[in-house]
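Asker: Just need the structure, nothing else, for what follows:
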Amino acid sequence: MATTISAAVWALRKALAPVTDDLLKNWAASDSLGINISALKTELLRAQGILYTAHDRVIANPALKELLHMLRQLADKAEDVLDELDYFRIQDQLDSTYHSADKHAGGCICGLAFNARHTARAVANKLKFSSAGNLHTPKLKFDRVEMSKRMADIVQQLDPICAKVKEILDLELRKVQPTQGIRPKTTPAIIEPKIFGRNVEKKNIVDGITHGIYCADGLTVLQIVGPGGIGKTTFTQHIYQEVKSSFDVMIWICVSLNFDANRLAQEILRQIPEVNGEKKNAIEEELIEERLKHKRFLLVMDDVWTYEEHEWKKLLAPFRKGEARGNMVIVTTRIPEAATVGKIVDCSIELNRLGTEDFMHLFEAYVFGHQQPWKDHPELLDVGKEIVGKLKGFPLAAKTVGRLLSNQLTLDNWTRVLESKEWELQTSDHDIMPALKLSYDYLPFHLQQCFFYGALFPEDYEFGSNELVHLWTGLDILDSSD
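Answerer: All right, here's what the predicted structure looks like:
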């Protein structure tokens, strides 16, 4: 229900945006439109004020949910009509007919004369543009009576809905006491997270790279396999940092679904320093070979899905020609066959779910940070153990749900998470989507909208932060003043 209230508040804020500074109201200050804009603004503010009183409450009431949905639809209609009015205001400014909607002190006859002058100016402008040979874009027709009627209808519908919402909220809030969010004193260490339960596997790989089996001549391809959310990328990042001093060139690429050898070669080449005297017009494969010929390198190919043998061999061909000892490619994948076809892989390590003790320590780190787990909240331990059981030993699930729970260390909140119906959607022991969905459901509505927008872009699309904010603002997902 908190999300439903957030959605309605968000829609009301958007609807109110055109009338916040009274610029539109002053432009439309006629006997009919000015009054209706004031009435509509008042009703929208009334609805917004009612909802803010319940903004941080958790209320389960299907009738209220339906009323809030109706309220949001009316807010959307109000936004549409106010946006149209703003369009006509801007059009008047562009056509130098700004006074067309002003209230005139001379009465009805003078008002008609004003409208006649407004029409004459508009027609003259059209003729002027046409005579200049420019294309004329058709404009919307401004129907004052229709616009006034639409606003009056929305106000008339808003009044009883606001009254009903307030009535139900008053009853609900008498039963539900507001809960204060209790945040931990410290947040989980997320910049350089500690690895739990993987120390043996990590040590074996690091030792093999620095002075063991991976120091042999030629190229070694090591595959790290495991289901999504098991921690393959984090595990590999730690190895990558620890062995930096052992290599001359370090390369990291995210492959994902599109395993195209030419595209990947271009991306890899950008990360390899140029060498003196290299061929300027050579193809990517030749330049990779030339730049790495006498250097020990590590190439990490993260999140590999496809396993077409021809593309694999084409990509790895220049790397196999290196003359340095101990060259290495590390591949992370959730598909065991991704690099095993054609005997491309030399070694393979499977990451399994964390053991019970290690996983509990990981969960505690995300929930309590550097605090002593459970010391200040012993009442949460039993519920916490049940939630941990539903996370199936997956680090990503522990991170997502742990951070969610850390925002409100209360028994009521944790019990709601435990009893959420999302857990019923779990299809297998490897399915962590319900845990991730829980975190999404608890986001404020306007942040959920930001995630909706991201679905329009392909996987692994690289956003610039400023670009993304501008796109969100352009679509009214964010306000320009945020």
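
Asker: For stretch 271-282, buried residues please.
Answerer: I272 (16 or more other CB atoms under 10 Å). For glycine as for every other residue, the C-beta is placed from the backbone atoms N, C-alpha and C.

Asker: Using CSV, list the CA coordinates for that stretch.
Answerer: Extracted C-alpha coordinates of stretch 271-282, given in CSV (Å, rounded to 0.1, in the frame of the first residue of the first chain):
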residue,chain,number,x,y,z
GLN,A,271,42.7,-1.4,-22.9
ILE,A,272,46.1,-2.5,-24.2
PRO,A,273,48.8,0.2,-24.4
GLU,A,274,50.3,1.0,-27.8
VAL,A,275,53.9,-0.1,-28.6
ASN,A,276,56.5,1.8,-30.5
GLY,A,277,56.5,1.1,-34.2
GLU,A,278,53.2,-0.8,-34.4
LYS,A,279,51.4,-1.0,-37.7
LYS,A,280,48.8,1.8,-37.8
ASN,A,281,46.5,0.2,-40.4
ALA,A,282,46.6,-3.3,-39.0
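
Asker: contact partners of that stretch?
Answerer: Residues from elsewhere that reach stretch 271-282, judged by CB atoms under 8 Å, 6 or more residues apart in numbering: 249, 251-253, 286-288, 290-292, 297.

Asker: mind listing which of those are in strands?
Answerer: 249, 251-253, 297 (DSSP state E).

Asker: If any of these are buried, put those into a ChimeraX selection.
Answerer: In ChimeraX, a selection of the buried entries from the ones in strands among the contacts of stretch 271-282 looks like this (16+ other CB under 10 Å):
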select :249,251,252,253,297
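
Asker: least confident pick among the ones in strands among the contacts of stretch 271-282?
Answerer: Scanning these for pLDDT, the low point is I253. It has 89.

Asker: Can you tell me which of the contacts of stretch 271-282 is nearest F88?
Answerer: When those are compared for distance to F88 (CB to CB), I253 wins out at 52.4 Å.

Asker: Convert whatever helix or strand R263 lives in to PDB, retaining C-alpha atoms only.
Answerer: Here R263 sits within helix 261-269, counting by DSSP states H and E. The C-alpha coordinates for helix 261-269 follow below in PDB (Å, rounded to 0.1, in the frame of the first residue of the first chain):
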ATOM      1  CA  ALA A 261      34.600 -11.700 -31.700                       C
ATOM      2  CA  ASN A 262      35.200  -8.500 -33.700                       C
ATOM      3  CA  ARG A 263      33.300  -6.300 -31.200                       C
ATOM      4  CA  LEU A 264      35.100  -7.900 -28.300                       C
ATOM      5  CA  ALA A 265      38.500  -7.500 -30.000                       C
ATOM      6  CA  GLN A 266      37.900  -3.800 -30.500                       C
ATOM      7  CA  GLU A 267      37.000  -3.400 -26.800                       C
ATOM      8  CA  ILE A 268      40.000  -5.400 -25.700                       C
ATOM      9  CA  LEU A 269      42.400  -3.400 -27.900                       C
END
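
Asker: ok, residues contacting that helix?
Answerer: Applying CB under 8 Å, 6+ apart, the set of residues contacting helix 261-269 from outside is 251, 253, 255, 284-285, 287-288, 291, 299, 301, 311-312, 314-315, 318.

Asker: Buried subset of those as a PyMOL selection?
Answerer: Filtering the contacts of helix 261-269 down to the buried ones (16+ other CB under 10 Å) takes a single PyMOL command:
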select buried, resi 251+253+255+284+285+287+288+291+299+301+312+314+315+318
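
Asker: At which residues are the strands of the stretch 201-350 of the chain located?
Answerer: Applying DSSP state E, counting those that start in this stretch to the stretch 201-350 of the chain gives strands spanning 219-225, 249-256, 297-304, 327-333, 347-350.

Asker: which one of these lies closest to F451?
Answerer: Of these, nearest to F451 by CB to CB is strand 249-256, at 18.7 Å.

Asker: send the alpha carbons of that closest one over as PDB?
Answerer: The C-alpha trace of strand 249-256 is given here as PDB (Å, rounded to 0.1, in the frame of the first residue of the first chain):
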ATOM      1  CA  VAL A 249      48.800  -5.900 -19.000                       C
ATOM      2  CA  MET A 250      45.400  -6.300 -17.300                       C
ATOM      3  CA  ILE A 251      42.200  -6.400 -19.300                       C
ATOM      4  CA  TRP A 252      38.600  -6.700 -18.100                       C
ATOM      5  CA  ILE A 253      35.600  -6.900 -20.400                       C
ATOM      6  CA  CYS A 254      31.900  -7.700 -19.800                       C
ATOM      7  CA  VAL A 255      30.700 -10.100 -22.600                       C
ATOM      8  CA  SER A 256      27.100 -10.800 -21.700                       C
END
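
Asker: what packs against it?
Answerer: helix 261-269, strand 297-304 (3 or more CB pairs under 8 Å, 6 or more residues apart in numbering; DSSP states H and E).

Asker: got the angle for that strand vs strand 297-304?
Answerer: 10 degrees (axes from the mean of the first three to the mean of the last three CA atoms, to 10 degrees).

Asker: Start at 53, not 1
Answerer: Shifting the count to begin at 53 puts that one at strand 301-308.

Asker: What pairs with strand 301-308, parallel or antiparallel?
Answerer: strand 349-356 (parallel) (DSSP bridges).

Asker: shaky segments in the protein?
Answerer: 53-88, 102-112, 147-192, 194, 224-245, 389-395, 476-498, 511-512, 531-534 (pLDDT under 70).

Asker: now the helices: where do they sit in the stretch 153-302 of the chain?
Answerer: Secondary structure of the stretch 153-302 of the chain, counting by DSSP state H, counting those that start in this stretch: helices at 159-183, 196-227, 251-263, 284-294.

Asker: follow-up on the earlier one: the helix holding R315: which residues count as buried?
Answerer: Under 16+ other CB under 10 Å, the buried positions of helix 313-321 are 313, 316-317, 320-321.

Asker: Quick one: those residues as a markdown table, columns for distance to K442 too.
Answerer: Below are those laid out as a markdown table (distance: CB to CB, whole Å):
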| residue | distance to K442 |
| --- | --- |
| A313 | 41 |
| L316 | 38 |
| A317 | 43 |
| I320 | 40 |
| L321 | 45 |
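
Asker: from those, which is closest to T94?
Answerer: Using CB to CB, the buried residues of helix 313-321 come closest to T94 at L316, 59.7 Å.

Asker: Tell me the spacing between the closest one and D195.
Answerer: Distance, L316 to D195, by CB to CB, to the nearest Å: 58 Å.

Asker: of the contacts of stretch 323-334, closest to V419?
Answerer: Of the contacts of stretch 323-334, the one sitting nearest to V419 (CB to CB) turns out to be W304, at 30.2 Å.

Asker: For the closest one, list each beta-bridge partner.
Answerer: For W304, the beta-bridge partners are V352 (DSSP bridges).
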